[in-house]
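J.: Fold the following.
(one chain, ligands or ions: 1)
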Amino acid sequence: MKSGDKYIPLKKLNEIKELALKNPEKFWGEQARCLDWNKTWDKVLEWKPPYAKWFVNGRLNACYNCVDRHILTSKRNKAAIIWVAENGDTKIMTYYELYRKVNKFANVLQNLGVETGDRVAIYMPMIPEAAIAMLACARIGAIHTVVFSGFSADALAERINDAQAKVLITSDLLYRRGKKINLKNIVDKALLNCPTINHTVYVKRNSDLKLVEGRDYSWEELMKGAKNYIDPIPVDSNHPLFILYTSGTTGKPKGVVHSTGGYMVYTTKTMEWTWGVNDMDVFWCTADIGWITGHSYVVYAPLALGTTIVMYEGAIDYPNPGRIWEIIENHGVTILYTAPTAIRMLMTYGEEWVKNHDLSTLRILGSVGEPINPRAWKWYYEVVGNRRCPICDCYWQTETGGHIIYPPIGIQNIPLKPGSATFPGIGIDADIVDESGNSLPANKKGLLIIKNPWPGMLIGLWKNNKRYEEAYWKRVPNCYCPSDYAIKDEDGYFWILGRADEVLNVAGHRIGTAELEHVLVSHHAVAEAAVIGKPDDIKGEVPVAFVILNKNFHDKNKKELKEELIKYVKETMGPIATPHMILFVNKLPKTRSGKIMRRVLKKLIMSEELGDLSTIEDNTSIEEVKKELMDFEYR
Ligand code: WT7
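T.: Here you go, the predicted structure:
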């Protein structure tokens, strides 16, 4: 089917949007029929702000919806996962094969003592076993918490401990940029501090892996003895499907909890509305399963719709910059969903790498993670899509479960504006307001808010309701505030302008400045630290750290200290948080009440006007930072 075959008239789309807001119960009650339920709900929505319960008392199983129901249809022998390794090895797994493996692994989990409601941590490379592990948890109602495989031992342990996971599923090795990364060492280190973990299951990729007796098991071995079928356990619609940690404004990551029913309905419907997927599609979302995009649009929504997905382990520009285009050509990818940072990186290699491949199967190009700058948009549209494929810019976040502001290309060919994610999606009542919550006129920058609950909305933060209420519902009372700045133009298009809190967006990853500062000050040489984001051509933004050293470190070799601190951050938080620059200063600009003025630091690093300095305590701190910046440039 060509794109456009299923378009509905614009008038109809507007009617649907109106109905969804006017009568959400009727609307979402009908949409929820996209899933198979074991028991229908008594009520579509119970809204006690800020807590929403969707499909109250309904029962379903997410794994059944992603796997079992397809093997009863002609999708049975269809490719579910086309997996490509960095060295080019390819495995194609049909829905039937996925069904068999998920059943067996769900039984493995049961045999390890995992029960409904227990937490299971998943720390894995992008291999099919990662998706199998997630689905197997869902099959028995266990709550998974996937930790991105680029996180360090400490970050892994922190997440395992917060979730109190019983079992950890991992692999001994990860392949990236031609290197083998030893996950086993990281896991062993993390497990020294994880008292709740009873067992670890390893997908063995290295033959001489040494397992700890009674604690560690090999995936392959356990699968041999497992049952071929176990019944999927229907859970309450509001039973947590997973916890996923994300960065916030304090040092501790937030455990975002998603429901089973609402989340599955919302991701499945947004998948349909955004891309209009059909049986001819090969859908490739390049996100890692460690992030929400990997949960919603690599695993749950595509599989619920019986779509064929591509899963790739490795860097999209390795062993050469043509790798991504080669995979699209080889497997006939029809929808590509990636991040602006990836597009900007691919642009630097030049058009030739793209032109050498037949990309005629592509029909939609998706973008997510940060605003897509016009230059990247143009290149994506012209060079990659050959001016045929709409650019589908999807704005959302871990907490929203699925797309919030996006063009519903699957059902309507709306005119696009480069850099705008277009309009709030079906069932989303969004607005732009000032800090007091007043609606702003067109083209005025303000806070983006959502005024109504939607089924994909997080159901809370893991065991921390207070933080949930404060983080999302207090800034603008009784509205969901994602903490992003935006404007709405005269045609009603929304333009996201970036974070409205102390969170950085580095290559599409959220990094809390407080989290990074917390890590830096935990190093014995550091007395104080302030982290800001510096604009970067490829990554969008990179962390820059201003550090005040402890007295007895003033005479130490600064170059060595910087290297040590960078290594420390990599080990403590993970390579994605690596500071791009570290500057040693004696003072930081602070307000009279003692708050670090990050805004001033940012202006200084960008050589911009400093703006209002009336609240600064000590002006000399500015000269101090300026001098350090000058020295840095000449070094
Ligand atoms: C933050 C969420 C959910 C996708 C992956 C990131 C920024 C995300 C866009 C976009 C402008 C975007 C926002 C948001 N963001 N998509 N299309 N245009 N900004 O998930 O880690 O929860 O980060 O990423 O700042 O709040 P996340």
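J.: Now name the helix or strand holding whichever residue of the stretch 51-200 of the chain sits closest to the ligand.
T.: Here the stretch 51-200 of the chain gets closest to the ligand at one residue, Phe148, 10.4 Å apart by CB to the nearest ligand atom. C-beta here means a position set from N, CA and C on the backbone, and glycine is covered the same way. Using DSSP states H and E, Phe148 sits within no helix or strand.
J.: what's the neighbour count on it?
T.: 20 (other CB atoms under 10 Å).
J.: mind listing what it touches?
T.: Shown in contact with Phe148 (CB atoms under 8 Å, 6 or more residues apart in numbering): Asp288, Gly290, Trp291, Gly574, Ile576.
J.: same thing but 6 Å
T.: Gly290 (CB atoms under 6 Å, 6 or more residues apart in numbering).
J.: pLDDT score assigned to it?
T.: pLDDT recorded at Phe148 is 95.
J.: Let's see the pLDDT reported for Ile576.
T.: At Ile576, pLDDT is 88.
J.: scratch that, Gly512
T.: pLDDT, read off for Gly512, is 90.
J.: separation between it and Cys481?
T.: Remark: distance between Gly512 and Cys481 (CB to CB, to the nearest Å) = 16 Å.
J.: who's more crowded, these two?
T.: Using other CB under 10 Å as the criterion, Gly512 and Cys481 rank with Gly512 on top: 23 against 20.
J.: next helix or strand past the helix or strand where Ala527 lies?
T.: Taking DSSP H and E as the criterion, Ala527 maps to strand 526-536. Per DSSP H and E, strand 526-536 leads on to strand 540-549 as the next helix or strand towards the C-terminus.
J.: The nearest residue to Gly498 once chain neighbours are set aside in helix, strand or coil?
T.: Nearest in space to Gly498, with sequence neighbours left out and distances taken as CB to CB, 6 or more residues apart in numbering, is Tyr485 at 5.9 Å. Classification of Tyr485 by DSSP: H, G, I helix; E, B strand; the rest coil places it in strand.
J.: Can you get me a residue count around Tyr51?
T.: 16.
J.: got the contact list for Trp28?
T.: Val44, Pro455.
J.: Work out for me the element Lys189 sits within.
T.: helix 183-191.
J.: by contact count, what packs against that helix?
T.: helix 153-163, strand 167-171 (3 or more CB pairs under 6 Å, 6 or more residues apart in numbering; DSSP states H and E).
J.: Figure out how far that helix is from the centre of its chain.
T.: Centre-to-centre, helix 183-191 and its host chain are 23 Å apart (CA atoms, centre = their mean, to the nearest Å).
J.: Same check on stretch 520-536?
T.: With CA atoms, centre = their mean, you get 24 Å for stretch 520-536.
J.: Buried residues, that stretch. List them.
T.: Of all the residues in stretch 520-536, those buried under the rule 16 or more other CB atoms under 10 Å are Leu520, Val521, His523, Ala525, Val526, Glu528, Ala529, Ala530, Val531, Ile532, Gly533, Lys534.
J.: who's in contact with the helix or strand following the helix holding Lys189?
T.: Later in the chain than helix 183-191, the nearest helix or strand by DSSP H and E is strand 199-203. For strand 199-203, the surrounding residues in contact (CB under 6 Å, 6+ apart) are Leu112, Glu129, Val167, Leu168, Ile169, Thr170, Ser171, Asp172, Asp216, Tyr217, Ser218, Trp219.
J.: what's the angle between strand 199-203 and helix 183-191?
T.: 170 degrees (axes from the mean of the first three to the mean of the last three CA atoms, to 10 degrees).
J.: what residues go with each domain of the protein?
T.: For the chain, automatic domain parsing gives the domain ranges 10-315+394-486, 502-634.
J.: winner for burial among those?
T.: Across the domains of the chain, averaging neighbours per residue (mean count of other CB atoms under 10 Å) puts domain 10-315+394-486 on top, at a mean of 20.
J.: how far does that domain stretch from start to finish?
T.: This stretch, domain 10-315+394-486, spans 25 Å end to end (CA to CA, to the nearest Å).
J.: ok, back up a step: just the C-alpha atoms of the helix holding Lys189, please, in PDB.
T.: Coordinates of the C-alpha atoms in helix 183-191 are reproduced here as PDB (Å, rounded to 0.1, in the frame of the first residue of the first chain):
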ATOM      1  CA  LEU A 183      29.300  -6.000  30.300                       C
ATOM      2  CA  LYS A 184      30.100  -8.800  32.700                       C
ATOM      3  CA  ASN A 185      32.700  -6.700  34.500                       C
ATOM      4  CA  ILE A 186      30.300  -3.900  34.900                       C
ATOM      5  CA  VAL A 187      27.500  -6.200  36.100                       C
ATOM      6  CA  ASP A 188      29.800  -7.900  38.600                       C
ATOM      7  CA  LYS A 189      30.800  -4.600  40.000                       C
ATOM      8  CA  ALA A 190      27.200  -3.400  40.200                       C
ATOM      9  CA  LEU A 191      26.000  -6.600  41.900                       C
END
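J.: could you check the angle helix 153-163 makes with that helix?
T.: 50 degrees.
J.: which other residues reach helix 183-191?
T.: Ala153, Leu156, Ala157, Thr170, Ser171, Asp172, Leu174, Ile197.
J.: what about the strands in the stretch 451-600 of the chain?
T.: Along the stretch 451-600 of the chain, the segments classed as strands by DSSP state E, counting those that start in this stretch run 460-461, 484-488, 494-499, 503-506, 509-512, 526-536, 540-549, 581-584.
J.: Now render those as CSV, adding distance to the ligand.
T.: Formatted as CSV, the strands of the stretch 451-600 of the chain follow (distance: least, CB to the nearest ligand atom, whole Å):
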stretch, distance to the ligand
strand 460-461, 13
strand 484-488, 5
strand 494-499, 4
strand 503-506, 5
strand 509-512, 4
strand 526-536, 12
strand 540-549, 9
strand 581-584, 22
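J.: Pipe those into TSV and attach distance to Leu610 per row.
T.: Listed next are these as TSV, based on distance: least, CB to CB, whole Å:
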stretch	distance to Leu610
strand 460-461	36
strand 484-488	20
strand 494-499	20
strand 503-506	21
strand 509-512	25
strand 526-536	14
strand 540-549	15
strand 581-584	17
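J.: Those: which one's closest to Ile566?
T.: strand 581-584 (6.9 Å; CB to CB).
J.: Would you mind pulling up the elements that the closest one packs against?
T.: By 3+ CB pairs under 6 Å, 6+ apart, strand 581-584 packs against strand 540-549.
J.: tell me the contacts of Leu21?
T.: Counted by CB under 6 Å, 6+ apart, Leu21 has contacts Asp429.
J.: can you give me how far the one helix or strand it maps to is from the chain middle?
T.: With secondary structure defined by DSSP H and E, Leu21 is part of helix 10-22. Helix 10-22 has its C-alpha centroid displaced from the chain centroid by 29 Å (CA atoms, centre = their mean).
J.: and the next element down the chain from it?
T.: helix 24-31.
J.: what's the angle from that following helix to helix 10-22?
T.: Going by the same axes, to 10 degrees, helix 24-31 makes 120 degrees with helix 10-22.
J.: helices or strands up against the next helix or strand after helix 24-31?
T.: Next in sequence after helix 24-31, counting helices and strands by DSSP H and E, comes strand 43-48. Contact analysis of strand 43-48 by 3+ CB pairs under 6 Å, 6+ apart lists helix 24-31, strand 51-56 as its packing neighbours.
J.: could you dump those to a markdown table with mean pLDDT and distance to the ligand?
T.: Shown next, in a markdown table, are the helices and strands packed on strand 43-48 (pLDDT from 0 to 100; distance: least, CB to the nearest ligand atom, whole Å):
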| stretch | mean pLDDT | distance to the ligand |
| --- | --- | --- |
| helix 24-31 | 98 | 21 |
| strand 51-56 | 98 | 19 |
